[in-house]
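Novice: here is my input; please provide its structure:
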Amino acid sequence: MNRRILLIEDNENNRYLVTFLLQAHGWQVLHAADGPSGLAMAARERPALVLLDIHLPGMDGYAVARALKADPALAAIPVVAVTS
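Specialist: Numbering: from 1, shown residues only. Have a look, this model is predicted:
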């Protein structure tokens, strides 16, 4: 079973908290701090889930979600917006 979650989040404190909670439940958390690197990591790692901040540098979360869903190889990965 794929136990990898990709967290695309630019705030270090938010990354720490989400990672702490998910790892406590057995998930491996991959990190990207901006939209373009998040897309590259999703293509390379094929996570089970993407947790996506909306306000990101380089490319906002809406554009990242559109790009993920436009790629047939990534379109089936669930995307959850996590924003404050």
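Novice: show me the shaky parts of this structure.
Specialist: Residue ranges of the chain with pLDDT under 70: none are present.
Novice: and the helices in it?
Specialist: 12-23, 35-45, 61-70 (DSSP state H).
Novice: mind checking which of those is nearest Leu52?
Specialist: Checking the helices of the chain against Leu52 by C-beta to C-beta gives helix 61-70 as the closest, at 4.8 Å. For glycine as for every other residue, the C-beta is placed from the backbone atoms N, C-alpha and C.
Novice: ok so, going back, would CSV of the helices of the chain with distance to Pro78 and mean neighbour count be doable?
Specialist: Formatted as CSV, these follow (distance: least, C-beta to C-beta, whole Å; neighbours: other C-beta atoms under 10 Å):
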stretch, distance to Pro78, mean neighbour count
helix 12-23, 14, 14
helix 35-45, 12, 18
helix 61-70, 10, 16
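Novice: reformat those as JSON lines; add distance to Val82.
Specialist: Formatted as JSON lines, the helices of the chain follow (distance: least, C-beta to C-beta, whole Å):
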{"stretch": "helix 12-23", "distance to Val82": "7"}
{"stretch": "helix 35-45", "distance to Val82": "12"}
{"stretch": "helix 61-70", "distance to Val82": "9"}
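Novice: may I have stretch 36-47 as PDB, with CA atoms only?
Specialist: What follows is stretch 36-47, C-alpha atoms only, in PDB (Å, rounded to 0.1, in the frame of the first residue of the first chain):
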ATOM      1  CA  PRO A  36       6.600  24.000  -9.400                       C
ATOM      2  CA  SER A  37       8.600  21.700  -7.100                       C
ATOM      3  CA  GLY A  38       5.400  20.100  -5.800                       C
ATOM      4  CA  LEU A  39       4.400  19.200  -9.400                       C
ATOM      5  CA  ALA A  40       7.800  17.700 -10.000                       C
ATOM      6  CA  MET A  41       7.700  15.700  -6.800                       C
ATOM      7  CA  ALA A  42       4.200  14.400  -7.500                       C
ATOM      8  CA  ALA A  43       5.300  13.200 -11.000                       C
ATOM      9  CA  ARG A  44       8.500  11.600  -9.500                       C
ATOM     10  CA  GLU A  45       7.000  10.100  -6.300                       C
ATOM     11  CA  ARG A  46       3.300   9.300  -7.200                       C
ATOM     12  CA  PRO A  47       1.900   9.900  -3.700                       C
END
